[in-house]
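S.K.: After the sequence you'll find the predicted model.
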2 protein chains.
Amino acid sequence: MSPSPNDQALVAIPEPTLKRLPYYYKSIQGQREAGREFVSCTTLAEALGLNPIQVRKDLQATGAVGRPKVGYHVSTTLDAIEECMGYHNTKDIFLVGAGHLGQALLAYPGFSEFGFNLVAAFDVDPTKMETEFAGKPILDASRLSDLVRRMHVQIAILAVPATAAQAVTDTLVRAGIRAIWNFTPTRLAVPKGVLVQDENLLASLSVLSKQLESSRAKSHKESIHGEPEEL
Amino acid sequence: MSPSPNDQALVAIPEPTLKRLPYYYKSIQGQREAGREFVSCTTLAEALGLNPIQVRKDLQATGAVGRPKVGYHVSTTLDAIEECMGYHNTKDIFLVGAGHLGQALLAYPGFSEFGFNLVAAFDVDPTKMETEFAGKPILDASRLSDLVRRMHVQIAILAVPATAAQAVTDTLVRAGIRAIWNFTPTRLAVPKGVLVQDENLLASLSVLSKQLESSRAKSHKESIHGEPEEL
DNA sequence: GTTGAGTCGATAAGTTTTTATCGATATGGA
DNA sequence: TCCATATCGATAAAAACTTATCGACTCAAC
């Protein structure tokens, strides 16, 4: 099949790039507020501690175009990122599990900036039900399925105990959810077509700690062998 | 430099592998509790929705050895992962920023399982200072630097507002911190030798939402062009 | 003008990570 | 005992991602 001209949006952007785009967005916003009209890869890379070439490739993926010797037009590029990431069209989200983590997410003010609307939370705890937190209603989990269906909510945040993770997932999937942001340490089984983004906090911390250990061992070894550390 | 025989621990394990190890650990633990003595890559992969070959490679990286036709010995393999990830030796951690997210982390009970000890939190809010949350003390942020130094704490969790992120980081670095688990949407500038693990929640959510959009566009296109979806 | 330096865009090389292939080994049943 | 099968380990191929190279373009200074 030969790709048609407007296939750009369908050419999948690499996930590492997608993860960096919000950083570019924020940084360029800062430049705009500072009154700058253009920004170069070099500048961006410097500010974010990244490789300039990588920045250029990432921006290319959004469709943004730059001018030699000048850089990227701030507003145009912001638009390109917004368009690419879909910050414009609002997406409703349900939160399942209103424990400590869930409440932290409920209180988080930044969702709207990226086009998200955290509509409501669901929990099985009777003392929490039909209350509000940070202006968002906490509803009875038994209503979850029905409301997902009726409101056509596509994205859910899973912040329940690990033991309930798969069961809740099954409910969500049956109700027609399309994407799950998974804060439990469980790997969820979902049918093809349902997306899962894992946010395993303990795993991340473990990685950090392991890398710390390795770097220590390495520098120790280097000092023994008399090899200088890189600059 | 020719690698010496016991360099295995120094051969860096790929980060993607490190991120998967906690899942293997948890899954194998489950197998142990179910009374099984051996577990195969195939089984593990099935349970976690991964590629069996990948599982085998990952386990190899930990030093675990399996037996053909039998699989990996559950207890031995768990030990290998524990040893590899350093779950045994306890690591003290400071939390900086006791807002909603910080409190959620304070209340999180799972740290100790992986060898972490969240010692204390720090905040600038006078109403929070010298109080406790989930049994952990919340201290005056002005004492942070001194305590990092005196207690030789190497890992810090950064859960402060974005505006304060770099300043707090600088303080931590000067006090001798070695690794930062960064929950702010800021990319931190740190000197070489200091590790940063970014946990940009909005970025993750954005990625999920973008992928959702793409997959929708793709399946729509497929249906137009009459191409069958894969099974 | 002309020159020089900074930057983009495209292509290519390099690295890392994932997936595949294949022989070797252990188990259980004929 | 011998064979079929499941699984490991090692090596190789493929894919994804990052980094490098180079020509072209634009602005600014001379």
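M.R.: All right, it came through fine.
S.K.: number of nearby residues for residue A:167?
M.R.: Using other CB atoms under 10 Å in any protein chain shown, residue A:167 has 10 other residues around it. Just so you know, the C-beta spots here come from the backbone N, C-alpha and C atoms, and that holds for glycine as well.
S.K.: Outside of the helix or strand hosting it itself, list whatever touches it.
M.R.: Residue A:167 is part of helix A:162-175 when elements are defined by DSSP states H and E. Here helix A:162-175 makes contact (CB atoms under 8 Å, 6 or more residues apart in numbering or on different chains) with A:96-97, A:141, A:144-146, A:148-149, A:156, A:158, A:160, A:180, A:182, A:184-186, A:188-191, A:194.
S.K.: Tell me who's in contact with residue A:55.
M.R.: A:24, A:41, A:44-45, A:48.
S.K.: From those residues, pick the one nearest residue A:134.
M.R.: residue A:24 (28.9 Å; CB to CB).
S.K.: for the closest one, helix, strand, or coil?
M.R.: helix (DSSP: H, G, I helix; E, B strand; the rest coil).
S.K.: correct me, but it touches residue A:48?
M.R.: Yes. Residue A:24 lies in contact with residue A:48 (CB atoms under 8 Å); the separation is 7.4 Å.
S.K.: These two: which has the busier surroundings?
M.R.: Neighbour count, other CB under 10 Å: between residue A:24 and residue A:48, residue A:24 has more, with 26 against 19.
S.K.: circling back: just give the strands next to the very next helix or strand once past the helix holding residue A:167 in its sheet, each with its orientation.
M.R.: Following helix A:162-175 in sequence order, the next helix or strand is strand A:179-182 (DSSP H and E). If you go by DSSP bridges, strand A:179-182 pairs up with strand A:155-158 (parallel), strand A:195-198 (parallel).
S.K.: from the middle of its chain, how far away would strand A:179-182 be?
M.R.: Chain-centre distance of strand A:179-182: 10 Å, with CA atoms, centre = their mean, to the nearest Å.
S.K.: quick check: angle from the lengthiest strand in chain A to helix A:162-175?
M.R.: Ranked by residue count under DSSP state E, the longest strand found in chain A is strand A:116-123. Angle, strand A:116-123 to helix A:162-175, by axes from the mean of the first three to the mean of the last three CA atoms, to 10 degrees: 120 degrees.
S.K.: Not counting its own residues, what contacts strand A:116-123?
M.R.: Contacts of strand A:116-123 (CB under 8 Å, 6+ apart): A:90-99, A:102, A:105-106, A:108, A:111, A:129, A:133, A:136-141, A:143-144, A:147, A:151, A:153, A:155, A:157, B:205, B:209.
S.K.: So which of the contacts of helix A:162-175 are in strands?
M.R.: Per DSSP E, the contacts of helix A:162-175 map to strands at A:96, A:156, A:158, A:180, A:182.
S.K.: quick revisit: now the buried members of the contacts of helix A:162-175.
M.R.: A:96-97, A:141, A:144-145, A:148, A:156, A:158, A:160, A:180, A:182, A:184-186, A:188, A:190, A:194 (16 or more other CB atoms under 10 Å in any protein chain shown).
S.K.: mind giving me the domain split of chain A?
M.R.: Following automatic domain parsing, chain A resolves into domains at A:5-85, A:91-199.
S.K.: In chain A, which helix is the longest?
M.R.: Ranked by number of residues, the top helix in chain A under DSSP state H is helix A:201-225.
S.K.: now that helix against strand B:116-123, angle please.
M.R.: 100 degrees.
S.K.: wait, does helix A:201-225 make contact with DNA strand C?
M.R.: No. Judged by CB under 7 Å from any atom of the strand, helix A:201-225 makes no contact with DNA strand C; its nearest approach is 11.1 Å.
S.K.: what comes up buried for that helix?
M.R.: A:201-215.
S.K.: Stretch A:102-117 now?
M.R.: A:102-108, A:111, A:114-116.
S.K.: Quick one: these as TSV, columns for pLDDT and secondary structure too.
M.R.: Formatted as TSV, the buried residues of stretch A:102-117 follow (pLDDT from 0 to 100; DSSP: H, G, I helix; E, B strand; the rest coil):
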residue	pLDDT	secondary structure
A:102	98	helix
A:103	97	helix
A:104	97	helix
A:105	98	helix
A:106	97	helix
A:107	96	helix
A:108	94	coil
A:111	95	helix
A:114	95	helix
A:115	96	coil
A:116	97	strand
